[in-house]
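1. here is a sequence together with a model predicted from it:
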Amino acid sequence: MTADVDRHELRQIVAGLSEGVILVEPDQSIAYANEAALAMHGVEQLDDLGEDVDAYRERFALRYRNNRSPEHYPMERVVAGEHFHDVIVKVRRADQPEVDFVHSVRSLVANDREGNPSCLALILKDVSDQFEAEERFETAFNLGPELSSVRDVETVARLAASAWNAHGTSSARVEIAADPSAVHEAATLSLAIDKSRRELGWEPRWSLDVAVTRTMDWYAQQHRGIDAATLVTSDIERYESDRSAA
């Protein structure tokens, strides 16, 4: 900010904003931060951010979501007069490495009549909750039967063949042939569904017999030419309407 900008009025405007605002001088000194910006760094006073960009670097480690450290901090980029928006950075205090914040950052560069920067600001939005949720749910979730319903591969294959044959489309049979040179496969396959229960509140509703039968029903109907999307929608509706536990 330069002298011809009314600092008092500007600070009154940004003080109560829910977005964080940090005002930076052209010499890279930190002039002001509203309460929201301080809270997004886990500090209470302006001095806790550091007097300038170098001090800020020492107190806060910034990383992109790919875990790479930015060559130039957003604060340095705004001082250089760069316009940017929606830059996502993880912020970690050097003295509290166990505490992370995630900020969405944009710059605000205002020039005077001569074209010189008169107001340099970083606008911060705390998106920590959003990205914590994304990290929780961007991994795989297993959906499967209760452990009490787990059967060996041969049993599942025979159930599938029987369900397929019930449609009369073609005849399926199961042949067990030992091959010493074949890659070993476990006789019993099961899925751990604990994470789905914990994170999604999901519970299995169909027994193994019902699940295998309806799976083969799907294939048989699709084989007859029924649209796959229609079959998927129908099965989801049937599953959701069936409140009986597996």
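-> That came through fine.
2. how about the top strand by length along the chain: buried residues?
-> Secondary structure assigned by DSSP state E gives strand 96-111 as the longest strand of the chain. By neighbour count on 16 or more other C-beta atoms under 10 Å, the buried set for strand 96-111 is 100-107, 109. For the C-beta atoms, the positions are set from N, CA and C on the backbone; glycine is no exception.
3. got the domain boundaries for the chain?
-> 7-137, 147-241 (automatic domain parsing).
4. returning to that earlier point: need the buried residues of strand 96-111 in TSV with pLDDT and distance to Ala121, can you?
-> Formatted as TSV, the buried residues of strand 96-111 follow (pLDDT from 0 to 100; distance: C-beta to C-beta, whole Å):
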residue	pLDDT	distance to Ala121
Asp100	88	24
Phe101	94	19
Val102	94	20
His103	96	14
Ser104	96	15
Val105	97	11
Arg106	95	9
Ser107	94	7
Val109	89	8
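5. what's the farthest-apart pair in the residues you listed?
-> Asp100 and Val109 (28.1 Å; C-beta to C-beta).
6. would you confirm that Ala37 contacts Gly20?
-> Yes - contact criterion C-beta atoms under 8 Å: Ala37 and Gly20 qualify, at 3.2 Å.
7. now do the shared contacts for those two.
-> Residues touching both Ala37 and Gly20 (C-beta atoms under 8 Å, 6 or more residues apart in numbering) are 122, 124.
8. what's the offset of stretch 231-240 from the middle of its chain?
-> Computed by C-alpha atoms, centre = their mean, to the nearest Å, the chain-centroid distance of stretch 231-240 equals 27 Å.
9. could you number the chain from 47 rather than 1 from now on?
-> Done: numbering now begins at 47, and the last item shifts to stretch 277-286.
10. could you dump the buried residues of strand 142-157 into a markdown table and include distance to Met121?
-> Listed next are the buried residues of strand 142-157 as a markdown table, based on distance: C-beta to C-beta, whole Å:
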| residue | distance to Met121 |
| --- | --- |
| Asp146 | 18 |
| Phe147 | 15 |
| Val148 | 17 |
| His149 | 12 |
| Ser150 | 15 |
| Val151 | 9 |
| Arg152 | 13 |
| Ser153 | 9 |
| Val155 | 13 |
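11. rewinding a little: deepest-packed of the domains of the chain, please.
-> Comparing the domains of the chain by mean neighbour count (mean count of other C-beta atoms under 10 Å), domain 53-183 ranks first with a mean of 15.
12. how far out from the middle of the chain is that one?
-> 22 Å.
13. for this protein, what's the longest helix?
-> If you go by DSSP state H, the chain has its longest helix at helix 254-269.
14. that one - contacts with which helices or strands?
-> Contact partners of helix 254-269 among helices and strands, from 3 or more C-beta pairs under 8 Å, 6 or more residues apart in numbering; DSSP states H and E: helix 199-211, helix 274-287.
15. leaving out the residues flanking it, which one is nearest to His269?
-> Thr215 (6.1 Å; C-beta to C-beta, 6 or more residues apart in numbering).
16. actually Asp288, not the one I typed
-> Nearest one to Asp288, counting by C-beta to C-beta, 6+ apart, is Arg251 at 5.2 Å.
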